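In: Fold the following, please.
(2 chains)
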Amino acid sequence: MTAPPAPLGPARAERIRAALAAAFPGAAIAVLDDSHRHAGHAGARPEGETHYTVRVVAPGFAGLSRVERSRRVHAVLAAEFGTGLHALSLRLLTPEEAAGGDAAETRRGAGPRRPSP
Amino acid sequence: MTNPVFQRIQAEIEENPVVLYMKGTPVFPQCGFSARVVQILSHMGVPFKGVNVLEDMELREGIKQFTNWPTIPQLYVKGEFVGGCDIVTEMFQSGELAQLLEEKGIPHNASA
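Out: Numbers count the residues shown, from 1 in each chain, chains lettered A, B, ... in the order given. This is a model prediction of the structure:
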């Protein structure tokens, strides 16, 4: 553990997870810190905690457009954007889409969605 | 809509069928997320105007407020916000992006 402690209590990944869990009851949430893959890029900071990938599977997304789903997540995480969160990659699905989408990807033989570093 | 930056953006997205607000230029993107959207549009043969927000701090902040979207890149088609890198990528993979371009009358490779 060489990373310095986060200045605002819990690490950003945990704050993101907790904020989303409170805002989207019943959601399945995964938060991945990609900051190390962007070290030295614009927006990166030596202490990290700048680039995240977040997947949320929530019933509440039903009937909302992609842009609207993202805006709701952005709103929940406004404080993080204000304190150095630079990039947020989002995958926002309803439980039905998560089940169908993953199956469809398997059928097509699609590889992982994440781009190579 | 009295903010001069907002007026500039509004004019830009009205005058150009496809506008990508990005970091760097289409030829030399300076961010992986911007690069990916450029790659998708180029692959689909879509003519677009790339606007480098790194050259203009007012625009860089203004576009985030204008769209109510905290990150760059941002893609506009016929004056409407489509999304950022994740949404454009998802729509490309699902075929929805081609469908949208079709509906909006934007030329693109039929096979893409």
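In: Strands of the chain, start to end?
Out: All of this is about chain A. Using DSSP state E, the strands found in chain A span residues A:28-33, A:51-57, A:87-93.
In: try again with chain B
Out: B:18-22, B:49-52, B:74-77, B:80-83.
In: Close to chain A: what parts of chain B are there?
Out: With C-beta under 8 Å from any C-beta of the partner chain as the criterion, chain B meets chain A at residues B:23, B:30-33, B:36, B:68-71, B:81-87, B:89-91, B:93. To be clear about C-beta, it is placed using only N, CA and C from the backbone, and glycine gets the same treatment.
In: Drop anything exposed from these.
Out: With neighbours counted by 16 or more other C-beta atoms under 10 Å in any protein chain shown, the residues of chain B next to chain A contain buried members at B:23, B:31-33, B:36, B:69-71, B:81-87, B:89-91.
In: Using a markdown table, lay out the strands of chain B together with mean pLDDT.
Out: A markdown table is the format used below for these (pLDDT from 0 to 100):
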| stretch | mean pLDDT |
| --- | --- |
| strand B:18-22 | 98 |
| strand B:49-52 | 98 |
| strand B:74-77 | 98 |
| strand B:80-83 | 98 |
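In: Adding distance to A:Glu14, write the ones you listed out as JSON lines.
Out: Formatted as JSON lines, the strands of chain B follow (distance: least, C-beta to C-beta, whole Å):
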{"stretch": "strand B:18-22", "distance to A:Glu14": "32"}
{"stretch": "strand B:49-52", "distance to A:Glu14": "35"}
{"stretch": "strand B:74-77", "distance to A:Glu14": "29"}
{"stretch": "strand B:80-83", "distance to A:Glu14": "27"}
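In: Of all these, which one is nearest A:Ala62?
Out: strand B:80-83 (18.7 Å; C-beta to C-beta).
In: distance between the closest one and the chain's centre?
Out: Strand B:80-83 has its C-alpha centroid displaced from the chain centroid by 7 Å (C-alpha atoms, centre = their mean, to the nearest Å).
In: That strand pairs with which strands, and in what direction?
Out: strand B:74-77 (antiparallel) (DSSP bridges).
In: Let me have the strands of chain A in JSON lines, extended by mean pLDDT.
Out: Rendered in JSON lines, the data for the strands of chain A read as follows (pLDDT from 0 to 100):
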{"stretch": "strand A:28-33", "mean pLDDT": "95"}
{"stretch": "strand A:51-57", "mean pLDDT": "95"}
{"stretch": "strand A:87-93", "mean pLDDT": "95"}
